[in-house]
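# One predicted model, sequence on top.
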Amino acid sequence: MAFSRRSFLKYAAMSAGGAALADTPFISAEARAKAEGGNVKYVPTSCEMCFWKCGAVAKVVDGKVVKLEGNPFHPQSRGKLCARGQGGIGQLYDEDRLKHPMIIDGPRGAGKYREASWDEALTYVAKKLKAIAAKHGPESIGMMSHGSPGDYFTNVLKAMGSHNIAFPSFAQCKGIRDEAWLLTYGHKPGSSCEQVDLENSRVIVLIGTHLGENMHNSQNQEFAEAIGRGAKIICVDPRYSTAASKAAFWLPIKPGTDTALLLTWINIIISENWYDKEYVEKYTEGFEQVKEAVKQYTPEWAAQETELPMRQIVESVRELSRYAPNVVVHPGRHYSWYGNDTQRARAVAILNALLGTWGRKGGMWLPPKANFAKFNDDIPAYPPASKPPLIKGDFPFAGGEGVTQVLRDATITGKPYPIKAWFVAGTNLMKTLPDQRLTRKAIDNLDFFVAVDLFPTETVMLADVILPECTYLERHDGLFKIKTREAGVAIRQPAVEPMYDSKPAWWIGSELCKKLGLNEYAVKGNGMDAWEGRMRRQAKAWGIDYDKLAKHTGYVTIPGSERPYITADNQPVFNTFSEKIELYSEDLEEKGFDPVPQYEEIEHPEKGMYRLIYGRSPVHTFSRTINTQWLWELEKENEVWLNKKEAVRLGVKNGEYVRLENQDGVRSNKIKTKVTERIRHDCVYMVHGFGHNAPRMKRANGSGADDQKLITKYIEDPITGGTGMRVNFVKIIKEA
Ligand code: MGD
Ligand code: SF4
């Protein structure tokens, strides 16, 4: 391959703040190819190495992708890609990819499969699904998915009459936060990306949001620019993270006590009259109730509870108020920490409202204004669900995306009605859902299990039928609505033909519809260009020039959609009952929850045990990139961070391999110790996603340790169903 590992590393070398980002000249894709001549193509598309969906441009020489660059026209990449984005070539040419459809040929879990043609595999899947639907009802088929394949299989399931579709990005991630902001502002704090105006912020508060290690391209670019401009960072994290190393205030909080700090900050801001009175009066409801409810949270109390110096608590919030409203308390993203997380997210939302950040420069920009014409390509309405879907469980604010573990529980218990088949696309459930023992038990209970994936992961290798999707560089995938400060539309289109016998998910879903006798839900037209035809019709409905998008820019702006800040003729719209920001939530009160967040103490580890906390690496996405050649070479294994004094007490040396054993006696793979003063004494930290148990993924298998294996305990948030996963305690076992 023309693109050597060495040149890749040059581009992708990590800086202290995360992955380096490569620049691209500002010129259209077609014009560049013409200028270079020869057998060179530049194909604008959208990255899927994570779900920020940056605009990328693939350079293709003689039919091979040799380079990926950031699309300069796309606001989420701004001409740059992170290391993972550039590493997408490694995913495309990974020799461990799934190459053919496979049908199980032995007991589940034994790893025995036979190759099948697409026709045979899809006929088999359709026959099995039909039989299960006939015997137990279509609702007994459940789906779990992450990323773009979900759309196509949602169509299949709904066409069959099942609405039991759930996404781990809800209960294991940001759904909790989104519901809290919907309750408060009537808006999520962002759609494609968080609406944080870091570019113009004067003070940025990060509560466990580890920008720099958590790598979302444009957000990290803006964060770096803000630091360069002298913006002050207040970083609340038990660990001296990359972001903390750039901070004016690092608050090494006792894990699980963030709501105590937030409510105390709210109390200080109110009692010191540091809040934005005019804004609060004009745009919020329930101020007096909040004032009353937070009175009890004094700085003295918070200092004890959070183990932070009182002076630091007061001085940091004074700094924050001093520059308000050009400040932002980042809404965060991954929220499933302690089981009371919706109220922590509410506290962040309320704090932002008191500082008047929504719609203010340096705060949170207003959502862009754009009306996209309805387009469903004349697909008929789905049949009504034969039984009410389970996916919200007993959680009153479980949102529209569904709570994954509810499907898993019903698969195990058969209650309130049985789930007999799973359709799993683009998610490695064994590494995504807490308590792997339950995930395995549920899979063992299934009558039928289909997986659509790129790789033979531990979850995929438990499926009865495995369907190989092609990578994002080999497929059309739709026109994406992108909402940043402006609204726009981006394209995903193939840079090269699908390798092996892999197919795009739209094709798999469409062919399955036909095999199920649901032709009216299949993509119109035949052949591999049918989806592109649909994309063209969609572009037309939206008034977008498809050819410009596909050949030149990869992204187009919706003119006039940008209106980031409040002005006299640009007033914010809050989609709440009161049409204001609801500091006091009657919706929560009605369902028996605290209308203003209150602090709840959680269990802490006993001496000798440490709370297990986890986070991200700038060069990996969950467990999905560990096997990707260059990314694996950059970081092959994770480490466990252990406080230096604790290490001395335990006699553990830096670099020594240990195992972690949790409160239920579950032991990890061996993991290297990073002895450091950069973490509190009561917790240990590791990067999520390593420690695969997937022998066919040669690089990833057995590399590092799996945090999910140790997360046998989780606490469900009673409001949204989020699974609090930082409630496990581990001890360190020295290797013999
Ligand atoms: P979290 O896991 O919530 O992640 O990124 P974030 O939302 O930033 O936060 C991890 C940080 O929380 C760590 O620094 C940890 O020390 C700190 N922490 C742990 N416990 C506590 C606590 O009790 N209190 C406080 N204040 N801090 C605590 C996740 C985000 O990252 C998400 S949701 C996605 S989907 C993306 N995934 C991803 C990826 O996989 N790879 C890379 N490179 N970037 C990613 N960006 C996104
Ligand atoms: Fe790709 Fe990186 Fe953008 Fe994610 S942040 S979409 S991995 S370039």
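Cool, got the structure. Numbers count the residues shown, from 1 in each chain. Ligands and ions are numbered 1, 2, ... in the order given.
# so residue 712 touches residue 433, yeah?
No: Residue 712 is beyond contact range of residue 433, at 11.5 Å (criterion: CB atoms under 8 Å). Any C-beta I mention is one placed from the backbone N, CA and C, and that applies to glycine too.
# Compare these two and say which is more crowded by neighbours.
Ranked by neighbour count (other CB atoms under 10 Å), residue 712 and residue 433 place residue 433 first, with 26 against 17.
# Next, the residue nearest to the more buried one when sequence neighbours are not counted: secondary structure please.
Leaving aside its sequence neighbours, residue 433 sits nearest to residue 439 (CB to CB, 6 or more residues apart in numbering; 5.1 Å). Taking DSSP: H, G, I helix; E, B strand; the rest coil as the rule, one finds residue 439 in the helix state.
# Name the residues that touch the host helix or strand of residue 612?
Under the criterion of DSSP states H and E, residue 612 resides in strand 610-615. Contacts with strand 610-615, where a contact means CB atoms under 8 Å, 6 or more residues apart in numbering, come from 210, 213-214, 238-239, 241, 255-256, 604-605, 642, 646, 660, 662, 682-688, 707, 710-711, 725-732.
# Any quick ChimeraX command for the buried ones out of these?
In ChimeraX, a selection of the buried entries from the contacts of strand 610-615 looks like this (16 or more other CB atoms under 10 Å):
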select :210,213,214,238,239,241,255,256,605,642,646,660,662,682,683,684,685,686,687,688,707,710,711,725,726,727,728,729,730,731,732
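# Okay, residue 75 and ligand 2: tell me how far apart.
Separation of residue 75 from ligand 2 (CB to the nearest ligand atom, to the nearest Å): 12 Å.
# again with residue 530
According to CB to the nearest ligand atom, residue 530 and ligand 2 sit 26 Å apart.
# Who are the contact partners of that residue?
Taking CB under 8 Å, 6+ apart as the test, what residue 530 contacts is 507, 510, 523-524.
# dump the residue contacts of the closest residue to ligand 1 within the chain.
Proximity of the chain to ligand 1 (CB to the nearest ligand atom) peaks at residue 208, 2.8 Å away. For residue 208, the contact set (CB under 8 Å, 6+ apart) comprises 236-237, 258, 332, 337.
# now residue 335
Counting by CB under 8 Å, 6+ apart, residue 335 has contacts 173-177, 341, 344-345, 722.
# what ranges do the helices span in the stretch 501-650 of the chain?
Counting by DSSP state H, counting those that start in this stretch, one finds helices in the stretch 501-650 of the chain at the ranges 505-515, 530-541, 546-547, 586-590, 629-634, 644-650.
# So for residue 169, which of these sits nearest?
For residue 169, the closest of the helices of the stretch 501-650 of the chain is helix 505-515, at 16.8 Å, according to CB to CB.
# where's the closest one relative to the chain centroid, distance-wise?
Relative to the centre of its chain, helix 505-515 is centred 26 Å away, using CA atoms, centre = their mean, to the nearest Å.
# do stretch 217-224 as well
Computed by CA atoms, centre = their mean, the chain-centroid distance of stretch 217-224 equals 17 Å.
# What of stretch 57-76?
Distance, centroid of stretch 57-76 to centroid of chain: 24 Å (CA atoms, centre = their mean).
# can you give me the end-to-end distance of it?
End-to-end distance for stretch 57-76, by CA to CA, to the nearest Å: 13 Å.
# How about stretch 524-537?
Stretch 524-537 has its terminal residues 11 Å apart, counting by CA to CA.
# State the distance from residue 433 to residue 97.
Counting by CB to CB, to the nearest Å, the separation of residue 433 from residue 97 is 24 Å.
# and residue 360, how many residues sit next to it?
By other CB under 10 Å, 24 other residues sit near residue 360.
# can you pull out the strands in the stretch 51-200 of the chain?
Using DSSP state E, counting those that start in this stretch, the strands assigned to the stretch 51-200 of the chain run over residues 55-61, 64-70, 102-104, 113-115, 141-145, 165-166.
# domains in the chain, as residue ranges please.
According to automatic domain parsing, the chain comprises the domains 5-96+473-505+517-557, 102-171+391-468, 190-366+565-590, 610-734.
# Close to ligand 1: what parts of the stretch 251-400 of the chain are there?
Contact residues (CB under 6 Å from any ligand atom) of the stretch 251-400 of the chain with ligand 1: 253, 255-256, 258, 332-334, 337.
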